[in-house]
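Visitor: One predicted model, sequence on top.
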Amino acid sequence: MAKRFSPALAVIILLAFASAAPQVIQAEPAAIKVGVSVSLSGKYIAPSRMLQSAYNMWADQVNRKGGLLGRPLELILRDDQSLPQKCARLYDELIEGEKVDLVLAPYGTPLTYKASEVTEKHGYVLAACAASGPAIWERGYSKVFGVYATADRYFIGYLDILARHGFKTIGIIYEDSAFARAAAEGAKLWAGRFGLDLVFYRKFKDNLPELRKLTIAALAVEPDGMIFCLYPPDTYAICKFISKGAERFKSMAFTIAPVFRDFYKRVGPLAEGVFGPSHWEPDPRLPYPGSKKFIEDFEHFTGIQPTYHAASAYAGCQILTHAIQQTGSLNQEHIAAYIRSRDTMTIIGRFKVDHHGRQVGHNPLLIQWQKGRKEIVYPTKLRTARAIFGDSRGTAKP
């Protein structure tokens, strides 16, 4: 007589087979690759370190919150050594070799100009968060977006203050590079609008001995205000040179270097009264959404105080993040269209671009070193102190 399986035995057998079956492991979502070239060496190293730290903090924060579109970020950084041609090659490699999904911007106008040739060719969005040369937006590109004011507007505040204090003359020395040239040309234009007489206007070819000779010539002219459009290494070198002489300019303004926390320490007493344009300052009193928290987060993440270079890099990442979240995709056309349509506030102030992608909403601040600390002196509604001026020996006067 054939044996019959009991229902209980059948259940046991089925459970045994089920436990022996291979388990399906849920795969982790593929990372979103984000490529960027930063200057870990060369003349742009100081501001580039700020960009690198901001990018790393952004990626860390996004990943702690679950990533973008449910996927983690993988930040791929390369060193361009402050060389434009190398920077362009790196973006080509990141896009074609690494197959990155997104790109972030390098530091400076020369590098961004070359990098954007590559990103535009491949159809990638580039939030140019660390470049202000107007030429970047004069090529008819559709996916390169400025984050802060262009260089031709850098010295509006300084020239306005000079005119309001009754000064009459201005001198300008600039490096013959895209960014510095744009800053100088803009200062020249606005000096005329404010009724200031341009008594000295010269360029040099990234040559320190030539810069020294021009500075001596400018000192002999004795302008009421003096603008130097230089990168930090030349700024520190020329300040050291001026410090050794008997005469001083009545007032000086420099691009870039004065915003760094160690400027006063590196330059010494000559730093007193120096002006500089800034796109943002690590002052919790600034009324921009998220600005105070960014300062706290950055100092906790890095142990140092951020400059506007870090803040603008983070703002660029904010804009990119919002575009991806709102469009729900990594489609570059959709991201570009979203960014182009925005008129919003970031941690550094207003963001709005024109149809070329040029930033038209943001306005720079003007800072001045007073008694060993930076103060915002322009615009009036945001200032933390009034501007001071000095005589030819550098003595401060209100």
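Guide: Looks like it arrived, so ask away. Being a predicted model, the structure only gives us computed values, none of them experimental.

Visitor: Buried residues of the host helix or strand of residue 92, list them for me.
Guide: Element membership for residue 92 (DSSP states H and E) is helix 84-92. Of the residues in helix 84-92, 84, 86, 87, 88, 89, 90, 91, 92 count as buried by neighbour count, 16 or more other CB atoms under 10 Å. To be clear about C-beta, it is placed using only N, CA and C from the backbone, and glycine gets the same treatment.

Visitor: At the geometric centre of the chain, which residue do we find?
Guide: Among the residues of the chain, the one closest to the centroid is residue 130, at 3.0 Å (CA atoms, centre = their mean).

Visitor: Nearest spatial neighbour of residue 199, chain-adjacent residues omitted?
Guide: Nearest residue to residue 199, sequence neighbours excluded (CB to CB, 6 or more residues apart in numbering): residue 169, at 4.7 Å.

Visitor: Surely that neighbour touches residue 197?
Guide: Yes: assessed by CB atoms under 8 Å, residue 169 is found in contact with residue 197 at 4.9 Å.

Visitor: which of those two has more neighbours?
Guide: residue 169 (18 against 12; other CB atoms under 10 Å).

Visitor: what does the helix holding residue 92 rub up against?
Guide: 35, 37, 78, 80, 103, 106, 110-111, 113-115, 117-119 (CB atoms under 8 Å, 6 or more residues apart in numbering).

Visitor: switch the cut-off to 7 Å
Guide: With CB atoms under 7 Å, 6 or more residues apart in numbering as the test, helix 84-92 has contacts from 37, 78, 80, 103, 106, 110, 111, 114, 115, 117, 118, 119.

Visitor: Quick check: the gap between the third one and residue 343.
Guide: Right, residue 80. Computed as CB to CB, to the nearest Å, the residue 80 to residue 343 distance reads 32 Å.

Visitor: Tell me how far the residue nearest to the centre of the chain lies from residue 263.
Guide: On the measure of CB to CB, residue 130 and residue 263 end up 18 Å apart.

Visitor: give me the number of residues near residue 236?
Guide: Residue 236: 17 neighbours (other CB under 10 Å).

Visitor: name the element it belongs to?
Guide: helix 232-243.

Visitor: where exactly do the strands run in the stretch 1-150 of the chain?
Guide: For the stretch 1-150 of the chain, the strands defined by DSSP state E, counting those that start in this stretch occupy 32-38, 73-79, 102-103, 126-128, 144-146.

Visitor: next one: the shortest one to chain centre, how far?
Guide: So the one you mean is strand 102-103. 16 Å (CA atoms, centre = their mean, to the nearest Å).

Visitor: Which strands and helices lie in contact with it?
Guide: The contact analysis (3 or more CB pairs under 7 Å, 6 or more residues apart in numbering; DSSP states H and E) places strand 102-103 against strand 32-38.

Visitor: quick one: contacts of the strand it packs on?
Guide: 48, 51-52, 55, 59, 68, 71, 73-80, 87, 90-91, 94, 98-104, 106-107, 115, 330.

Visitor: Tell me the buried residues in that strand?
Guide: Buried, per 16+ other CB under 10 Å, within strand 32-38: 32, 33, 34, 35, 36, 37, 38.

Visitor: any idea how far residue 108 is from the last one?
Guide: Here the distance between residue 38 and residue 108 works out to 11 Å (CB to CB).

Visitor: now do residue 28
Guide: In terms of CB to CB, residue 28 sits 37 Å off from residue 108.

Visitor: of the two, who's got more company?
Guide: residue 108 (29 against 8).

Visitor: any idea how far stretch 249-267 is from the chain center?
Guide: For stretch 249-267, the distance to the chain centre is 18 Å (CA atoms, centre = their mean).

Visitor: Also stretch 127-139?
Guide: Using CA atoms, centre = their mean, the offset of stretch 127-139 from its chain centre is 11 Å.

Visitor: With stretch 51-66 instead?
Guide: Worked out by CA atoms, centre = their mean, stretch 51-66 lies 16 Å from the chain centre.

Visitor: With stretch 75-83 instead?
Guide: That offset, for stretch 75-83, works out to 15 Å (CA atoms, centre = their mean).

Visitor: 97 is where my numbering starts, stick with that
Guide: Done: numbering now begins at 97, and the last item shifts to stretch 171-179.

Visitor: Run through who's touching that stretch.
Guide: For stretch 171-179, contacts defined as CB under 7 Å, 6+ apart pick out 129-140, 148, 151-152, 155, 182-183, 186, 190, 194, 196, 202, 207.

Visitor: any idea how the protein splits into domains?
Guide: 128-245+383-448, 249-374+461-493 (automatic domain parsing).

Visitor: can you put those in a markdown table and add distance to residue 454 and mean pLDDT?
Guide: Shown next, in a markdown table, are the domains of the chain (distance: least, CB to CB, whole Å; pLDDT from 0 to 100):
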| stretch | distance to residue 454 | mean pLDDT |
| --- | --- | --- |
| domain 128-245+383-448 | 4 | 97 |
| domain 249-374+461-493 | 11 | 93 |
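
Visitor: Sounds good, over and out.
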